[in-house]
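Q: Predicted model, plus sequence, below.
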Amino acid sequence: MAQHYFNRYIWLISTIKTLGPITLKDLNRKWKDSPLNETREDLSERTFHNHRIAVEDTFGIKISYTRPDGYYIDTNGLEDGSFREWMLDCLQVNNLLEESSGIHDKILLESIPSGGKWLNVIIDAIKGKKALEITYKSFFKDYSSSFTAHPYCLKLFKQRWYLLARSQDWDSPRIYSLDRILELSISKIKLQVSDRFKAEEYFSQYFGIISDKDIKPCFIEIWADSTQAKYFKSLPLHHSQKVKGEDEDGTTFQYFLAPTYDFKQEILRYGSGVKVISPAKLVEEIKAEIDNMAQLYK
């Protein structure tokens, strides 16, 4: 996917989301004034529909039409907090930044490792149902390795992009950080991933990117003090979050998920504002980690 087409798709999504419903005539007027349109060319009806189809194929975002108002982003099936809703917001912000270059020094963003440069290649491979040729250097190894991998999905977590893929050396998919990829290209090998695979379902019982099948999901209860509880209520840790009880000191939340390393690290980062209540095994694991941390300061 050429980068300028990718930017056009983002512009189209953002403009219609912000101004829609919008007619093709008005959309063309906005396009002719866009900094992305360096040649000030028209957005023809044919080009628009090609872009509209590509947006749905690439992002799963449908652009619909209503007479006589025009085109709009179809939000049917988009749940609050869903990935596509989040992606819509991100694309809109990206477009605003592109068209606000004159005030770039007034907008501060968090740094994200350079793995994003591989996104186009991976998206093209998934769309074209092709495997990937990857040269990868893990943080845990002093050497790189090259292999063929079948991409399942992409996931953004803690400012890093990750690829879930299965290589010839493993029977199940594994996670690869995009910023650890040294070389990447699309293979001629046909993608061996079932059309029935659902990324959201695959990660539904996990927090983060670690999907350890040896760690089974269970009911987890944590207590958060009154201040931290407000943040959890406004932005749940996990989609399974439920309030089990609350008083003036804090709130007890319940989750159903696998207590992997990512989840335990998330709990620990809140310090004394959060306490694990159950299950007992997780309580002991958190206590042991806290004890190990305390030893560093003796």
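A: Done, it's in. Residues are numbered from 1 along each chain as shown.

Q: What is the three-state secondary structure of E201?
A: Classification of E201 using DSSP: H, G, I helix; E, B strand; the rest coil returns helix.

Q: all numbers from here: first residue = 56
A: From this message on, residue numbering opens at 56, which makes the last subject E256.

Q: what distance separates stretch 303-314 from the centre of its chain?
A: Distance of stretch 303-314 from its chain centroid, counting by CA atoms, centre = their mean, to the nearest Å, is 24 Å.

Q: So which residues make contact with it?
A: 260-262, 266-267, 270-281, 283-284, 287-288, 292-293, 295-301, 318, 332, 337, 340 (CB atoms under 8 Å, 6 or more residues apart in numbering). Glycine gets a C-beta too; all of them are placed from N, C-alpha and C.

Q: Of those, grab the buried ones for PyMOL.
A: Buried residues within those, by 16 or more other CB atoms under 10 Å, are selected in PyMOL with:
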select buried, resi 260+261+262+266+270+275+276+277+278+279+283+284+287+292+293+295+296+318+337
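
Q: Out of the contacts of stretch 303-314, name the ones that lie in helices.
A: Judged by DSSP state H, the subset of the contacts of stretch 303-314 located in helices is S281, Q283, A284, F287, K288, F318, L337, E340.

Q: Closest one to T78 out of those residues, please.
A: Minimum distance to T78 across the ones in helices among the contacts of stretch 303-314 is 41.0 Å, recorded for K288 (CB to CB).

Q: The closest one: what's it in contact with?
A: Counting by CB under 8 Å, 6+ apart, K288 touches V298, T306.

Q: Please report how far it lies from G305.
A: Distance, K288 to G305, by CB to CB, to the nearest Å: 12 Å.

Q: W86 too?
A: Where G305 is concerned, W86 sits at a distance of 52 Å (CB to CB).

Q: ditto for E276
A: Taking CB to CB, one finds E276 at 12 Å from G305.

Q: Got the domain ranges for the chain?
A: Domain ranges of the chain: 58-161, 169-257, 273-350, per automatic domain parsing.

Q: Adding mean pLDDT, write those domains out as JSON lines.
A: As requested, the domains of the chain are arranged in JSON lines below (pLDDT from 0 to 100):
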{"stretch": "domain 58-161", "mean pLDDT": "76"}
{"stretch": "domain 169-257", "mean pLDDT": "89"}
{"stretch": "domain 273-350", "mean pLDDT": "95"}
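
Q: wouldn't F61 be in contact with K172 here?
A: No - between F61 and K172 there is no contact, the gap being 11.9 Å when judged by CB atoms under 8 Å.
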